[in-house]
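In: Here you go, sequence then predicted model.
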Amino acid sequence: MTPWLHFSGGDYLIFKTWIPESKGAIAGACIALVAFCILERWIAALRRQMEVQWGSRLAMLKHTRNPNDTHVDNKPKDLSDKIDAIEEGLSSLPITPVTVSSQPRLVPPFIPMHDITRGIFQAVQSLFSYTLMLAVMTFNASYIISIVLGLAIGEVLFGRIGRLNGGRV
């Protein structure tokens, strides 16, 4: 391995048996790396899209379970109503009102179908990232340029998928 940027062949690329040496073999490896990077960006877009769908399902589930417009408040509104109710002998009303407020969840609930799938997406993305890192660590400038170009093309193709407002702020 040559420990500086170079364009020459002879470096191991990911596997022991994949050693592009000729210019054609290096060009083929570069094309494969571009395709691999586009695939990586596509997987990232799929994951973002799934996150959006899961979030909308959770929001819909939360809205159907906890509709705020059907809340009926039978408590007296002011202190004089409470005093009148106590004087009339209605001991069922507490003297000190107790208010129970439910706070929104800080962490979404564990849903196996969502969370296991999210874990699989993360594992695949990590595998792709480490594979690309190994290609960059060859210090072959052709591979590095191909990886950067492939990631850019993949982001142009799939970067807007799964982002709010189509990627616009």
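Out: That came through, no problem.

In: tell me the secondary structure for residue 4?
Out: At residue 4 the chain is in coil, as set by DSSP: H, G, I helix; E, B strand; the rest coil.

In: ok, and the closest non-adjacent residue to it?
Out: For residue 4, ignoring the flanking residues on the chain, the nearest one in space by Cβ to Cβ, 6 or more residues apart in numbering is residue 139 at 6.0 Å. Heads up, the C-betas are built off the backbone N, CA and C, glycines and all.

In: If you count contacts, what does the longest helix seen in the chain end up packed against?
Out: For the chain, the helix that runs over the most residues, judged by DSSP state H, is helix 23-65. With contacts taken as 3 or more Cβ pairs under 8 Å, 6 or more residues apart in numbering; DSSP states H and E, helix 23-65 sits against helix 112-136, helix 141-158.

In: To residue 34, which of the ones you listed lies closest?
Out: helix 141-158 (3.7 Å; Cβ to Cβ).

In: Distance from the longest helix of the chain to the middle of the chain?
Out: The chain centre lies 10 Å from the centre of helix 23-65; the measure is Cα atoms, centre = their mean, to the nearest Å.
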